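Participant: here's a sequence, model it:
(chains A and B)
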Amino acid sequence: MSVRCRFAPAPSGSLHVGNVRSALFSWLWARHNGGAFVLRVEDTDTSRVTEEAFLGVLEDLRWLGLDWDEGPQVGGPNAPYRQSQRGDHYDESLATLLAAGHAYRCYCSAEELEERREASRSRGEAPGYDGRCRSLATEQIAAYEAEGRAPVVRFRMPDGEQVIHDLVKGEVRWAAGELRDFVIVRADGSPVFLLAVAVDDLAMGVTHVVRGDDLLAAAPRNVAVIEALGGTPPVYAHVPQVVGPDRKPLSKRHGSTSVQAFREQGFLPEAMVNYLALLGWSPGDDRERMTRDELIVAFDLSRVSSNPAAFDTEKLTWLNNHYIQSLDDDDLAARCVHFLVEAGVGVDPVVLRQAMPLVKERMKTLAEVVELLRFLFSDDIELNDKAMGILAKAPDGYLKAAAGALDACPGWDAEQISHALDGLAQGAGLNRTKGWQPIRAAVTGSNVSPPLPESLALLGRERTLERVRAAEG
RNA sequence: GUCCCCAUCGUCUAGUGGCCUAGGACGCUGCCCUUUCAAGGCGGAAGCACGGGUUCGAAUCCCGUUGGGGGCACCA
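Facilitator: Take a look at the predicted model:
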């Protein structure tokens, strides 16, 4: 049987990197096995779902290159792929479960349940549902109905020990009676996650469920429902949570951990995918920088680590720089445009393209292109403090001499500019560092810039001279 | 409270009883290269949570302790 993996996010706007890693592992496993990757959106909680949030999730996955074979915008034999549109499937399964006695109506009110939970808690017992409505007499049901109570539907957990053979966690057991009967349909008739997931995984022929280990305890419940429906449960792989630097599960508290935030900061999808793949998984050898195809070949769910991994932006950043360096100049320039425009910097595409070799090993994120190259596209140069300091320390008349030397430079390419600058520095008795910094400060407004001669060559002689002369005063 | 999961450098990891004087990577750090900043090259510091076993031998197996995390919802 061919492998079918799925990713089933709640539509949250933008996925956070922990979710994305689950999606990535699921996708890698599908691709590794030449199987299918199914996307299903868990939007049963219709009250808080917006169309924008739904589209945001799809956008994130597309940007990362995690393509799906079945799902929203793509279709497939099991459409629709939004749980909010699959009510008839749940109704049908519910009828089956009820008819076979695998589920029953529970009339306990929220207050009654809470009261009994507290009582068992104070007795030191597990606080779950006590099974009171498991086998109600007909008269009792009639009495509840007469009271106007609206029942929920609970799933009757099978007796006996429950065992999950998890690809990551190994064999996990729950003693008989530990897993209580849980609600599968609310009093208002809407299906709960635990029903919807089981019904959908079964209907969609999912063979492997890869998800966060916060859902580990849901697995035996999922299995029980699927088996009650006469199906064969999938294999589960519960990957550990991604945690923040403080070792707490990733949340809003850790700031911008959404895919969208990383994208806006100028991280490449190639870097995100590579980094996330390494978070909790390794190929078993020393490889770290791996292409998408290499990851697909090497990926193995059984090699996923079973302990939580801390998200390390530093390492992501290192990989991002690596991928920026590996892009060809046209590609890199195209990706930079957005960030320059966003920063209000007008761009000359030809010059931008020519500037790429100067900045690619200096950029940790695409967003940094703005500070690196602003001086090329804007003549409105503001000197930073260090630049002012450098200019203040330059010998008297040095900038005037610089203007003269550059004006006299026979040709305007990096090599000849470099030669002219050397002549200038030597004439003033300065080494390159001391001799070139004032020019850098005057022209770029900063003590730090891409290589100077190449930068001046791109800037052009006239604009260079204007800035050097302006800095004199 | 109870059940479950987890525990190798600061971080991600390799390691599945002898190959471990615990390997790699990020970060940190020294040197080299160098027009600034990077990038790059070559070095360095840094770890098996603790306590008991099992074994000729344990990072690796078992038990316990401690410390994290998750479940026990008409949330997903």
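Participant: got phi/psi on A:Gly346?
Facilitator: Taking degrees, to the nearest 10, you get phi -70, psi 140 for the backbone angles of A:Gly346.
Participant: measure how buried it is and give me the count.
Facilitator: Residues near A:Gly346, counting by other C-beta atoms under 10 Å, number 8. No exception for glycine: its C-beta is placed from N, CA and C like everyone else's.
Participant: pLDDT at it, what is it?
Facilitator: pLDDT recorded at A:Gly346 is 91.
Participant: dump the residue contacts of it.
Facilitator: Neighbouring residues of A:Gly346 by C-beta atoms under 8 Å, 6 or more residues apart in numbering: A:Phe377, A:Ser378.
Participant: residues contacting A:Lys434?
Facilitator: With C-beta under 8 Å, 6+ apart, A:Lys434 has these contacts: A:Ala425.
Participant: tell me which element it falls in.
Facilitator: helix A:432-444 (DSSP states H and E).
Participant: just the strands in the stretch 101-250 of chain A please.
Facilitator: Here the stretch 101-250 of chain A has its strands, by DSSP state E, counting those that start in this stretch, at A:103-106, A:152-155, A:162-166, A:170-174, A:182-185, A:208-212, A:235-239, A:242-243.
Participant: as a markdown table, those strands with mean neighbour count would be great.
Facilitator: As requested, these are exported to a markdown table (neighbours: other C-beta atoms under 10 Å):
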| stretch | mean neighbour count |
| --- | --- |
| strand A:103-106 | 21 |
| strand A:152-155 | 22 |
| strand A:162-166 | 16 |
| strand A:170-174 | 12 |
| strand A:182-185 | 22 |
| strand A:208-212 | 22 |
| strand A:235-239 | 23 |
| strand A:242-243 | 21 |
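Participant: ok, which of the ones you listed comes nearest A:Leu376?
Facilitator: A:Leu376 lies closest to strand A:242-243 among the strands of the stretch 101-250 of chain A, at 38.9 Å (C-beta to C-beta).
Participant: check which helices and strands the helix or strand just after the closest one sits against.
Facilitator: On the C-terminal side of strand A:242-243, the closest following helix or strand by DSSP H and E is helix A:259-264. Packing partners of helix A:259-264 (3 or more C-beta pairs under 8 Å, 6 or more residues apart in numbering; DSSP states H and E): helix A:17-32, helix A:51-64, helix A:269-278.
Participant: quick one on the thing from earlier: and of the strands of the stretch 101-250 of chain A, who's closest to RNA strand B?
Facilitator: strand A:182-185 (3.6 Å; C-beta to the nearest atom of the strand).
Participant: other SSEs contacting that closest one?
Facilitator: helix A:87-99, strand A:152-155, helix A:193-203.
Participant: now tell me what touches the first one from outside.
Facilitator: Think helix A:87-99. Looking at what lies outside helix A:87-99 - C-beta under 8 Å, 6+ apart - the contacts are A:102-104, A:153, A:155, A:184-185, A:191, A:195-196, A:198-200, A:203, A:225, A:228-229.
Participant: centre of the chain to the lowest-mean-pLDDT helix or strand in chain A, how far?
Facilitator: Here the helix or strand of chain A ranked lowest by mean pLDDT, DSSP states H and E is helix A:110-122, holding a mean of 85. A distance of 39 Å separates the centroid of the chain from that of helix A:110-122, by C-alpha atoms, centre = their mean, to the nearest Å.
Participant: contacts for it?
Facilitator: Against helix A:110-122 from outside (C-beta under 8 Å, 6+ apart): A:Cys108, A:Ala126, A:Pro127, A:Gly128, A:Tyr129, A:Asp130, A:Arg132.
Participant: switch the cut-off to 10 Å
Facilitator: Here helix A:110-122 makes contact (C-beta atoms under 10 Å, 6 or more residues apart in numbering) with A:Cys106, A:Cys108, A:Ser109, A:Glu125, A:Ala126, A:Pro127, A:Gly128, A:Tyr129, A:Asp130, A:Arg132, A:Val152, A:Ala187.
Participant: show the contacting residues for A:Val370.
Facilitator: Neighbours of A:Val370 in contact, by C-beta under 10 Å, 6+ apart: A:Gly266, A:Cys336, A:Phe339, A:Leu340, A:Val341, A:Glu342, A:Ala343, A:Gly344, A:Val345, A:Phe377.
Participant: let's see the least confident helix or strand of chain A as CSV, backbone CA atoms only.
Facilitator: Extracted in CSV, the C-alpha atoms of helix A:110-122 (Å, rounded to 0.1, in the frame of the first residue of the first chain):
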residue,chain,number,x,y,z
ALA,A,110,-21.3,21.4,32.5
GLU,A,111,-21.9,22.2,36.2
GLU,A,112,-22.5,18.6,37.2
LEU,A,113,-19.4,17.5,35.3
GLU,A,114,-17.3,20.1,36.9
GLU,A,115,-18.6,19.2,40.4
ARG,A,116,-17.8,15.5,39.9
ARG,A,117,-14.4,16.3,38.4
GLU,A,118,-13.5,18.4,41.5
ALA,A,119,-14.7,15.7,43.8
SER,A,120,-12.6,13.0,42.2
ARG,A,121,-9.6,15.4,42.0
SER,A,122,-9.9,16.0,45.8
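Participant: buried ones in that helix?
Facilitator: For helix A:110-122, the neighbour count (16 or more other C-beta atoms under 10 Å) marks A:Leu113, A:Arg116, A:Arg117 as buried.
Participant: repeat for stretch A:20-34
Facilitator: A:20-33.
Participant: and if you look at stretch A:125-140?
Facilitator: Under 16+ other C-beta under 10 Å, the buried positions of stretch A:125-140 are A:Pro127, A:Gly128, A:Tyr129, A:Asp130, A:Cys133, A:Leu136.
Participant: let me see the mean pLDDT of stretch A:448-458.
Facilitator: In this model, stretch A:448-458 has a mean pLDDT of 97.
Participant: close to RNA strand B, is it?
Facilitator: Yes. With C-beta under 7 Å from any atom of the strand as the criterion, RNA strand B is reached by stretch A:448-458 at A:Val448, A:Ser449, A:Pro450, A:Pro451, A:Leu452, A:Pro453, A:Glu454.
Participant: show me the two of these that sit farthest apart.
Facilitator: Using C-beta to C-beta, these span at most 15.7 Å, a distance reached by A:Val448 and A:Pro453.
Participant: who has more neighbours, the two?
Facilitator: Using other C-beta under 10 Å as the criterion, A:Val448 and A:Pro453 rank with A:Pro453 on top: 19 against 13.
Participant: so how far is A:Glu466 from that one?
Facilitator: Per C-beta to C-beta, to the nearest Å, A:Pro453 is found 18 Å from A:Glu466.
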